[in-house]
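Q: Pasting a predicted model and its sequence here:
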Amino acid sequence: MAMSRIDELRNDINALKRFLLLLWSKKAVYVKYSLVALVLGVVAAFSIPKIYSSTTILALEPRQTGYNAAVMSLAGMAGINLGFLSEDAYSAELYPTIISSKDFVLRLAKMPVTSSDGKVGGSSYAEYLINAPANVWWGHLQEWCAGLFSAAAEPVEADAVALEAVGRIRGNVRCQVNKMLGLVTITSYDAHPEVCKMVTDSVAAHLNAFIQDYRTSKTRADYEALSHICDSAKARYLDAQSRYQEYVAEHARDNSALYKAQRDFLEGEAQLAYAAYNQMAAQAQMAQVKLQEATPVYNVVQTAYVPQQPEQPAKFSIIVMFVLAAFALATVKISYTRLKEKLWSVRD
């Protein structure tokens, strides 16, 4: 006769009760596993170094002109990203690659870092990363053992130190780009909170300088060339004006035709030089305006801050996770042992 639904439910409840009683009878196993997990959790909690993070968010303006600017403006209002219409070779999508490039990282490696607590004092970022004291117990033990058996270290050149720290700096800096909103998020990680903020600000400043240098290189070269030509034209005008004035002053009482011809010639030469200088000055001013227009402006949506709490999980949370894992492991072990005993009893 088939069992009713109520009988099946009653059997399931009885089986659950027997399983819970089995677990309760093995509480010594839970205690043993929990004590081991507690010890391991404490060791792990105090072995994980404190890592701080600081973040800044930038809104970098892309450069568009004419038709592209109008199309991208309308697309932005509709929530559509048309980055392919940007005239920039270095679009926002390439900013993470720029930040992780060797040349960019080497600039960061050579910047000085300091802190108000005196633990970091004026060394370069690369030297700080290489010589920074360990902030975990096993790191201190490793340094102590290394100090016992190592000889005095020879001085290392700054360039070699910077090259050695390239990999660490790349691991400490993150850059994410929101293509839709046009936001660039820069985050740096470090064991010291003030150094963390300092690196974030430096990365943002170096990135802004890099983009400005790229976008204004052609316009700036034109402006510098026109400024040089303008200065030369001004010098020629002043020279021509000076020669004209000196000639007129020396021949103030001379009314000869030769004097008048030479005077008119020098006056015309000064006027031509002035006209050339005036034209170059106007072009130089226009180039300066173009340079100002081409200079990108980045808006700081969120400024970098000195973090107060580390990124890593709290020590108590780590210990609780170890204890819970121990409970789960003990339950699996008890269940497996009971199942194996049943299988052997059935065979017998």
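A: Yes, it's here.

Q: what's stretch 186-205 in contact with?
A: 49-58, 99, 108, 111, 113-117, 119-120, 125, 128, 132, 135, 171-176, 207, 298, 300, 304-308, 311 (Cβ atoms under 8 Å, 6 or more residues apart in numbering). Heads up, the C-betas are built off the backbone N, CA and C, glycines and all.

Q: Could you turn the buried ones of those into a PyMOL selection?
A: The PyMOL selection below is limited to those of the contacts of stretch 186-205 classed as buried (16 or more other Cβ atoms under 10 Å):
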select buried, resi 52+53+54+55+56+57+58+99+108+111+113+115+120+125+128+132+172+173+174+175+207+304+307
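
Q: Looking at the contacts of stretch 186-205, which are in strands?
A: Within the contacts of stretch 186-205, residues falling in strands by DSSP state E are 52-58, 113-114, 173-176, 298, 300.

Q: For those, point out the one with the lowest pLDDT.
A: Minimum pLDDT across those is recorded for residue 298, with 72.

Q: secondary structure element for the nearest residue to residue 175 once chain neighbours are set aside?
A: Distances taken as Cβ to Cβ, 6 or more residues apart in numbering place residue 96 nearest to residue 175, at 4.2 Å, with adjacent residues excluded. Assigned by DSSP states H and E, residue 96 falls within helix 95-100.

Q: Only alpha carbons, please: show that helix as PDB.
A: These are the backbone C-alpha positions of helix 95-100, laid out as PDB (Å, rounded to 0.1, in the frame of the first residue of the first chain):
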ATOM      1  CA  TYR A  95      43.600  56.000 -20.200                       C
ATOM      2  CA  PRO A  96      44.200  52.700 -18.200                       C
ATOM      3  CA  THR A  97      46.800  51.700 -20.800                       C
ATOM      4  CA  ILE A  98      48.500  55.100 -20.500                       C
ATOM      5  CA  ILE A  99      48.600  54.900 -16.700                       C
ATOM      6  CA  SER A 100      50.100  51.400 -16.800                       C
END
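
Q: Buried residues of that helix, list them for me.
A: 95, 96, 98, 99, 100.

Q: Please apply the same query to stretch 319-337.
A: Judged by neighbour count using 16+ other Cβ under 10 Å, the buried positions of stretch 319-337 are 319, 322, 323, 326, 330, 331, 334.

Q: Can you list which of those are found in helices?
A: When DSSP state H is applied, the buried residues of stretch 319-337 are split such that 319, 322, 323, 326, 330, 331, 334 fall in helices.

Q: Closest one of the residues you listed to residue 35?
A: Proximity of those to residue 35 (Cβ to Cβ) peaks at residue 326, which lies at 8.7 Å.

Q: Can you name the residues that contact that closest one?
A: 30, 33, 34, 36, 37.

Q: Widest-spaced pair of those?
A: Taking Cβ to Cβ, the two most distant members of the contacts of residue 326 are 30 and 36; they sit 11.0 Å apart.

Q: out of these two, which sits in the busier spot?
A: Ranked by neighbour count (other Cβ atoms under 10 Å), residue 30 and residue 36 place residue 30 first, with 18 against 14.

Q: Go through the ones in helices among the buried residues of stretch 319-337 and name the one nearest residue 257.
A: residue 319 (109.5 Å).

Q: surely that closest one meets residue 40?
A: No. Using Cβ atoms under 8 Å, residue 319 and residue 40 do not qualify as a contacting pair, with a distance of 9.1 Å.

Q: can you list the domain ranges for the chain.
A: 27-48+313-333, 49-220+293-312, 221-292 (automatic domain parsing).

Q: Tabulate the buried residues of helix 95-100 (a markdown table), appending distance to residue 215 and pLDDT.
A: Converted to a markdown table, the buried residues of helix 95-100 look like this (distance: Cβ to Cβ, whole Å; pLDDT from 0 to 100):
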| residue | distance to residue 215 | pLDDT |
| --- | --- | --- |
| 95 | 13 | 82 |
| 96 | 18 | 85 |
| 98 | 13 | 85 |
| 99 | 17 | 86 |
| 100 | 21 | 85 |
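
Q: export these to TSV and tack on distance to residue 12?
A: Shown next, in TSV, are these (distance: Cβ to Cβ, whole Å):
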residue	distance to residue 12
95	59
96	55
98	62
99	59
100	57
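
Q: quick check, nearest of those to residue 238?
A: residue 98 (45.7 Å).

Q: And that closest one, how close does it get to residue 208?
A: 11 Å (Cβ to Cβ, to the nearest Å).

Q: Could you point out which residue ranges in the stretch 201-348 of the chain have low pLDDT?
A: Scanning the stretch 201-348 of the chain for pLDDT under 70 picks out 296-297, 312-313, 342-348.

Q: which stretches of the stretch 201-348 of the chain form strands?
A: 298-302 (DSSP state E, counting those that start in this stretch).

Q: Just name the closest of the buried residues of helix 95-100 to residue 229, please.
A: Closest to residue 229 out of these is residue 98 (33.9 Å), distances taken as Cβ to Cβ.

Q: farthest residue from the center of this structure?
A: residue 256 (76.9 Å; Cα atoms, centre = their mean).

Q: Quick check: the gap between it and residue 37.
A: 115 Å.

Q: what do you get for residue 204?
A: Following Cβ to Cβ, the distance that separates residue 204 from residue 37 is 43 Å.

Q: Does the residue positioned nearest the centre of the chain belong to a helix, a strand or coil?
A: Centrality entry for the chain: nearest residue to the mean C-alpha point is residue 186, 4.0 Å, by Cα atoms, centre = their mean. Secondary structure for residue 186, judged by DSSP: H, G, I helix; E, B strand; the rest coil, is strand.
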